[in-house]
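1. got a structure for you, letters missing:
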């Protein structure tokens, strides 16, 4: 895991300048919405599609250090699949020279397609020997294919709702991270924080001793995802080298959709989707702020709750400096990550 973090970071820092130079030469720059924050207009032309800077190291490092299995496949499949959608979206923006790329329907169709494939693989590649320790720590319960871990209560069987549930989680997480990308260092920094508890969770669930001690299901092979998470962390930190304020490059949808796909993949593979709501609470709040704003605007005949959504723009327009918004969001993300990890470690073993 340590080698993975370092390798991914070094690769990202090494290829970063070349990627930025190539994007500049090809004039692949950021376009700013007219109705957006006026201060951001000075960022027009800064290279976008910079998610390539961390995607390449993540793939190379993961393939180099993991024992390839179905869980690693799902993680890379969702990361690269969502990244490909983002790449098409970014290229569409550049070609059409406008801030909107693919239509919402096109993006949603692609996201659902990738999510459905991952969900079907996960559902039908199920080890029917998976067990969950019971309260006395001696016996155990065999788990059904549609089970998920539930904070404090052990596990729940979603049965026929399992596949639709996974699709909603993957698509929702992907778009939530995408909405968080709007300020220098915001998405990369918050994802870096959120992926750390999932690195621990993947290691614990993939370890027969630690999983039984904490009363969670032992899922053989998910420990490899800890290395994937480490690669993701190193890549994001390497990208922050260039994306910290003032940013030299933006990740674009190429990066933000890929990061959302990556973090959702780890959650669904470890069956900790509900923990994602806690650990990724900041991403949830960003998505909810957009839903609330749009809904209220529609039914209140043009009135708004927030000055602007997603919510990080609300704080900008309220007078917070961009650096302060990013720093405070990092802090909130860290508190939520610690809370999610604490709840995971303190779960009651199922009766």
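-> In hand now; what should we look at? Please read these numbers as outputs of a predicted model, since none were measured by experiment. Numbering: from 1, shown residues only.
2. Tell me how many other residues surround residue 70.
-> Neighbourhood size, residue 70 [other CB atoms under 10 Å]: 16. For every residue, glycine as well, the C-beta is placed using N, CA and C.
3. so where's this protein shaky on pLDDT?
-> 29-42, 96-101, 135-139, 347-351 (pLDDT under 70).
4. which residue ends up closest to the midpoint of it in space?
-> For the chain, the residue nearest the mean C-alpha position is residue 260 (3.0 Å; CA atoms, centre = their mean).
5. Who are the contact partners of that one?
-> Counting by CB atoms under 8 Å, 6 or more residues apart in numbering, residue 260 touches 82, 173, 174, 175, 176, 177, 178, 283.
6. list the helices and strands the longest helix along the chain packs on?
-> Ranked by number of residues, the top helix in the chain under DSSP state H is helix 70-96. Applying 3 or more CB pairs under 8 Å, 6 or more residues apart in numbering; DSSP states H and E, one finds that helix 70-96 makes contact with helix 52-65, helix 104-124, helix 162-180, helix 224-243, helix 252-269.
7. right, so of those helices, which gets closest to residue 308?
-> Closest to residue 308 of the helices and strands packed on helix 70-96, according to CB to CB: helix 162-180, at 12.3 Å.
8. Buried residues in that closest one, which are they?
-> Under the neighbour-count criterion of 16 or more other CB atoms under 10 Å, helix 162-180 has 162-163, 165-167, 169-180 buried.
9. Same check on stretch 121-134?
-> Going by 16+ other CB under 10 Å, stretch 121-134 has these buried residues: 122, 130, 132, 133.
10. ranking the helices and strands packed on helix 70-96 by burial, who's on top?
-> Highest mean neighbour count of the helices and strands packed on helix 70-96: helix 252-269, a mean of 30 (counted as mean count of other CB atoms under 10 Å).
11. relative orientation of it and helix 224-243 in degrees?
-> 160 degrees (axes from the mean of the first three to the mean of the last three CA atoms, to 10 degrees).
12. following helix 252-269, which helix or strand comes up?
-> Following helix 252-269 in sequence order, the next helix or strand is helix 273-279 (DSSP states H and E).
13. So which other helices or strands are in contact with that following helix?
-> Using 3+ CB pairs under 8 Å, 6+ apart: helix 273-279 touches strand 147-150, helix 162-180, helix 186-205, helix 252-269, helix 322-345.
14. Between the ones you listed, which one is closest to residue 289.
-> The closest of these to residue 289 is helix 162-180. By CB to CB, the value is 8.3 Å.
15. just to revisit the earlier point, the buried residues of stretch 121-134 into JSON lines, with extra columns for distance to residue 293 and secondary structure?
-> Formatted as JSON lines, those follow (distance: CB to CB, whole Å; DSSP: H, G, I helix; E, B strand; the rest coil):
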{"residue": "122", "distance to residue 293": "33", "secondary structure": "helix"}
{"residue": "130", "distance to residue 293": "42", "secondary structure": "coil"}
{"residue": "132", "distance to residue 293": "41", "secondary structure": "strand"}
{"residue": "133", "distance to residue 293": "44", "secondary structure": "strand"}
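16. ok, residues contacting stretch 16-33?
-> 40-41, 43-50, 52-53, 90, 93-94, 97-99, 238-239, 241-242, 248-250, 252.
17. rerun that using 6 Å as the cut-off
-> 40-41, 43-49, 52-53, 93-94, 99, 242, 248-250 (CB atoms under 6 Å, 6 or more residues apart in numbering).
18. Give me the ChimeraX select line for those, limited to the buried ones.
-> Buried subset of the contacts of stretch 16-33, written as a ChimeraX selection, criterion 16+ other CB under 10 Å:
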select :40,43,46,47,48,49,52,53,93,94,242,248,249,250
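19. Give me the secondary structure label for residue 217.
-> coil (DSSP: H, G, I helix; E, B strand; the rest coil).
20. do the same with residue 184
-> Here residue 184 is recorded as coil under three-state DSSP.
21. Give me the phi and psi for it.
-> phi -60, psi 120 (degrees, to the nearest 10).
22. ok, now residue 141?
-> Torsion angles, degrees, to the nearest 10, at residue 141: phi -110, psi 140.
23. Give me the nearest residue to it, chain neighbours excluded.
-> Counting by CB to CB, 6 or more residues apart in numbering, the nearest residue to residue 141 once its immediate chain neighbours are dropped is residue 132, at 5.0 Å.
24. do residue 197 as well
-> Setting aside the residues directly before and after it, residue 197 is nearest to residue 341 in space (CB to CB, 6+ apart), at 4.0 Å.
25. about what we covered before: tell me the buried residues in the longest helix of the chain?
-> 70-72, 74-94.
26. Beta-bridge partners for residue 147, please?
-> Beta-bridge pairing for residue 147 (DSSP bridges): residue 157.
27. Verify the stated contact: it with residue 158.
-> No: counting by CB atoms under 6 Å, residue 147 does not reach residue 158; the two are 7.5 Å apart.
28. if you count what's nearby, which of these two comes out ahead?
-> residue 147 (21 against 16).
29. Residue 12 versus that one, what's the distance?
-> 36 Å (CB to CB, to the nearest Å).
30. I'd say residue 270 and residue 222 touch.
-> Yes: using CB under 6 Å, residue 270 is in contact with residue 222, at 5.3 Å.
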